[in-house]
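Asks: Sequence first, then the predicted structure, then my questions.
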Amino acid sequence: MPTAFARLYADLAPAVAGYLRVQRAAEPEDLTNEVFLGVFRGLASFQGTETQFRSWVFTIAHRRLQDERRRLARQPHFTAVDAEISMPGGDVEQEALDSLGEQWVMAMSQHLSADQRTVLLLRTVADLTAEQVAQITGKRVGAVRALQRRALETLRRNLARKGVQI
Amino acid sequence: MNTPRPIDDATAETLLAGGSVDGELQPVARAVRAYREVGRRPVHPAGELAVRMATGVFTSPAGSDTAPAHQVNGHGPVTAAIPGWRRIRMAILTGLAAATAKIASMSVAAKATAGLSIAAASMGTAGFAGVLPEPAQDRFDTVVETVAPNEAPAADENAEFGERVSEDARDGGVDGEEISEEARQQGELRRPEDAPVPAPGDSGAPADTPADDHAPDDTPDGSGTPDHPDGAPDERPEPTTAPSQP
């Protein structure tokens, strides 16, 4: 059912790709494709609700990201830091605005610890609950809540310090 | 100068849910909205994913002789065993399929999408029904034979895997997808079949314990356990069941 795959992809891939981009995956679009290949291959074995499906997809995305980081840590890589991956078609003006917003988010995220960033992204970009984030990251719910509080406090401090207008 | 009131759990949840907050927290609320927007930029499937989405060949088509989806693996090096003229054909078909998948993923009227997708399905499944011209049929068969079955490597291949990655890096022939997939498979081998899966809602602690507040929040993996002492990655297999619902 190609339509079903296309709908699932259209619904979830933007969030997965956004999560991977802000996490500074080396090739976020490629990794997104890889995630969905895994998702669609495993679709027949999935059991759960629509909400659980979303959580499952991000579990795979998070693990793929970890795999990529381990792999890159073991081997030299030569990726241009700010290389833009061109996307075919679409509204160029809107993409430019989106890109500006995303650059701001990436800049703000640099002030967060890795765990704070992961939790904040999974709560906002992935739109998951604290409990789901806890399962994905292997942390306790309390730890996730503490991380998200600290992440928001860090954002507040940096916004106040820099007088940043959003 | 007044010290701002710390963000408590309730306020954090309100902020993250996009609810209304005090004026002093408005900038944070806008920042959270900016984070949410990051996940709304459309992306398009490419390469093998686009082909598979257009053809719907993630599951075994009825009456076909292809491997079921869970056996089809190792998508990275598929083209390596295919002759040059077939690669050109594949590139053309990939482009067509990518365009079809892209159109299908756009937010156009549902009927139009369905119509296009059905057309794509007809195009894709034809390859498996044996109605394509022989060369195209061969291409599909070759791809499937190349990627399936997915034979898991022996446990003692872990060391060889590291050496191979190292050699590949030296000669510039690193195939990231292949290595990722292989590493993941080896991770699956190391995990016992009956490894415990977190129970639904099993946080192991009350919702918010004081200890959590004071625990460092950026330990390597949050588990407190180191990676494998031999330096091997500690990848886990992708789950096949849903995480619990809160």
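Replies: Thanks, I have the structure now.
Asks: Would you mind measuring from A:Leu121 to chain B?
Replies: 7 Å (CB to the nearest CB, to the nearest Å). From N, CA and C alone the C-beta is placed, and that goes for glycine too.
Asks: next one: A:Tyr9
Replies: From A:Tyr9 to chain B the distance is 6 Å (CB to the nearest CB).
Asks: That residue - how many residues pack around it?
Replies: By other CB atoms under 10 Å in any protein chain shown, the residues close to A:Tyr9 number 25.
Asks: and it, what element?
Replies: helix A:2-22 (DSSP states H and E).
Asks: Buried by neighbour count: which residues of stretch B:6-25 qualify?
Replies: For stretch B:6-25, a neighbour-count test (16 or more other CB atoms under 10 Å in any protein chain shown) marks B:7, B:11-16, B:25 as buried.
Asks: Show the overlap between those residues and what lies near chain A.
Replies: Restricting those to those near chain A by CB under 8 Å from any CB of the partner chain leaves B:7, B:12-13, B:15-16, B:25.
Asks: about what we covered before: report the buried residues of the helix holding A:Tyr9.
Replies: Neighbour-count burial for helix A:2-22, counted by 16+ other CB under 10 Å, picks out A:2-3, A:5-10, A:12-22.
Asks: so which of the ones next to chain A among the buried residues of stretch B:6-25 comes closest to B:Ala54?
Replies: Each of these was scored against B:Ala54 by CB to CB, and B:Leu16 proved nearest at 36.8 Å.
Asks: Reformat the buried residues of stretch B:6-25 as CSV; add distance to B:Pro45.
Replies: Putting those into CSV (distance: CB to CB, whole Å) gives the following:
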residue, distance to B:Pro45
B:Ile7, 39
B:Thr11, 39
B:Ala12, 35
B:Glu13, 34
B:Thr14, 36
B:Leu15, 33
B:Leu16, 30
B:Leu25, 39
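Asks: which one among the residues you listed gets closest to A:Ala26?
Replies: Distances from A:Ala26 to these, taken by CB to CB, are shortest for B:Leu16, at 28.1 Å.
Asks: Among the ones next to chain A among the buried residues of stretch B:6-25, which ones are in helices?
Replies: B:12-13, B:15-16 (DSSP state H).
Asks: which pair in these spans the largest distance?
Replies: So, these by CB to CB: farthest apart are B:Glu13 and B:Leu15, at 7.3 Å.
Asks: Any part of whichever strand or helix holds A:Arg41 near chain B?
Replies: In the assignment (DSSP H and E), A:Arg41 maps to helix A:28-42. Yes: using CB under 8 Å from any CB, we find that helix A:28-42 touches chain B at A:29-30, A:32-34, A:36-38, A:40-42.
Asks: so what pLDDT did A:Gly138 get?
Replies: At A:Gly138, the model reports a pLDDT of 95.
Asks: now stretch A:29-36: mean pLDDT?
Replies: Mean per-residue pLDDT for stretch A:29-36: 94.
Asks: Which stretches in chain A count as helices?
Replies: Under DSSP H, chain A gives helices at A:2-22, A:28-42, A:50-74, A:92-109, A:114-124, A:130-137, A:141-162.
Asks: can you tell me which of those the model trusts least?
Replies: helix A:92-109 (a mean of 76).
Asks: hmm, back to that, which one (most neighbours) among the residues of helix A:28-42 next to chain B?
Replies: Of the residues of helix A:28-42 next to chain B, with other CB under 10 Å as the count, A:Thr32 tops at 29 neighbours.
Asks: That one touches A:Pro14, doesn't it?
Replies: No: under the criterion of CB atoms under 8 Å, A:Thr32 is not in contact with A:Pro14, lying 9.1 Å apart.
Asks: so what's in contact with those two at the same time?
Replies: B:Val43 (CB atoms under 8 Å, 6 or more residues apart in numbering or on different chains).
Asks: And the residue of chain A that's closest to chain B?
Replies: Going by CB to the nearest CB, chain B is nearest to A:Gly48 of chain A, at 2.7 Å.
Asks: residues near that residue, how many?
Replies: Quick note: A:Gly48 (other CB under 10 Å) scores 15 neighbours.
Asks: same question, the one 3 residues further on
Replies: With neighbours defined by other CB under 10 Å, the count for A:Thr51 comes to 16.
Asks: same thing with the one 5 residues further on?
Replies: If you count neighbours by other CB under 10 Å, A:Trp56 ends up with 25.
Asks: Geometric centre of chain A: which residue is closest?
Replies: A:Tyr19 (1.3 Å; CA atoms, centre = their mean).
Asks: domain parsing for chain A?
Replies: Chain A is divided into the following domains under automatic domain parsing: A:1-85, A:93-166.
Asks: Those into CSV, with extra columns for distance to B:Leu49?
Replies: Shown next, in CSV, are the domains of chain A (distance: least, CB to CB, whole Å):
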stretch, distance to B:Leu49
domain A:1-85, 4
domain A:93-166, 20
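Asks: what's the domain layout of chain B?
Replies: Split by automatic domain parsing, chain B gives B:9-38, B:47-147, B:152-192.
Asks: Residue ranges in chain B under the pLDDT threshold?
Replies: B:1-2, B:59-246 (pLDDT under 70).
Asks: now do 50
Replies: Chain B contains residues with pLDDT under 50 at B:60-83, B:99-176, B:178-179, B:182-183, B:186-235, B:244-246.
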